[in-house]
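Build me a structure from this.
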Amino acid sequence: MTLILASMIVSNKFINLGRFQGVLGMLELIILLMAVFRFSGYSREELGIGGEFSCTKHVLFPFVFFILPLGVVFSVPHNSISVKRFVLYFVNFLIIAGLWEELVFRGLLFASLEERFGDGVALVGNSAIHWLFHFAVGLNISQFIAALILSSYRLAFRRIEPLIFVHAFWD
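As a prediction, the model looks like this:
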């Protein structure tokens, strides 16, 4: 895995791949994440990406958090974009924001904080760190509240897969 990652990084720096350059960057990120999670020492269940599944808890409940932002988007005047551009944005937000942030924050960081300090510290600490991570976007209380909601879901239902999609739709 290290050789694959090293070759991807080297080729990304010295070889121009045109439109595939961005795809290569995403593959680097995914392989790096896989390596980090593989060597973290946590099981899939502890990271929130395995275990018991319930359609109500893991599909319908998070779907509500998608419906509300979607309603706001359609009720606010905005410029329309092509379907192709929308799909590209969605995949970008799904992989970059949804997958990466949820695996790192609600997966690895949450499991680590919960193991060391307990549920309450994991909930608030994870949300605060996630909020501070978005400093470049501009800190506002709604981001902290959103992080608390996502962390509360992780604490209550022990899964992060639905949060990946909710995060992508919110962004």
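
got a list of contacts for the helix or strand that contains residue 87?
Element membership of residue 87, judged by DSSP states H and E, is helix 83-92. Contact with helix 83-92 is made by 81, 168, as judged by CB atoms under 8 Å, 6 or more residues apart in numbering. Where you see a C-beta, it was placed from the backbone N, CA and C, and this is true even at glycine.

List the buried residues for the helix or strand that it is followed by?
Note on helix 83-92: by DSSP H and E, the next helix or strand toward the C-terminus is helix 110-117. Within helix 110-117, the residues scored as buried using 16 or more other CB atoms under 10 Å are 110-114.

before we move on, what about stretch 151-159?
Using 16+ other CB under 10 Å as the test for burial, stretch 151-159 gives 151, 153-155, 157-159.

Can you tell me which of these end up in helices?
In helices, judged by DSSP state H, the following of the buried residues of stretch 151-159 are found: 151, 153-155, 157.

Tell me how many other residues crowd residue 40.
By other CB atoms under 10 Å, 14 other residues sit near residue 40.

State the distance from it to residue 49.
For residue 40, the distance to residue 49 (CB to CB, to the nearest Å) stands at 12 Å.

ditto for residue 139
Relative to residue 49, and taking CB to CB, residue 139 is found at 29 Å.

With neighbour numbers in mind, choose between those two.
The residue with more neighbours, out of residue 139 and residue 49, is residue 49; 18 against 12, by other CB under 10 Å.

What are the phi and psi values at the more buried one?
For residue 49, the backbone dihedrals (degrees, to the nearest 10) come out as phi -120, psi 40.

wouldn't it be in contact with residue 160 here?
Yes: using CB atoms under 8 Å, residue 49 is in contact with residue 160, at 6.1 Å.

residues shared between the contacts of these two?
Jointly contacting residue 49 and residue 160 under the rule CB under 8 Å, 6+ apart are 103, 107.

Of the buried residues of helix 110-117, which is the nearest to residue 124?
Minimum separation from residue 124 among the buried residues of helix 110-117 (CB to CB) is found for residue 113, which lies at 9.3 Å.

nearest spatial neighbour of that closest one, skipping sequence neighbours?
Excluding its sequence neighbours, the residue lying closest to residue 113 (CB to CB, 6 or more residues apart in numbering) is residue 122, at 4.0 Å.
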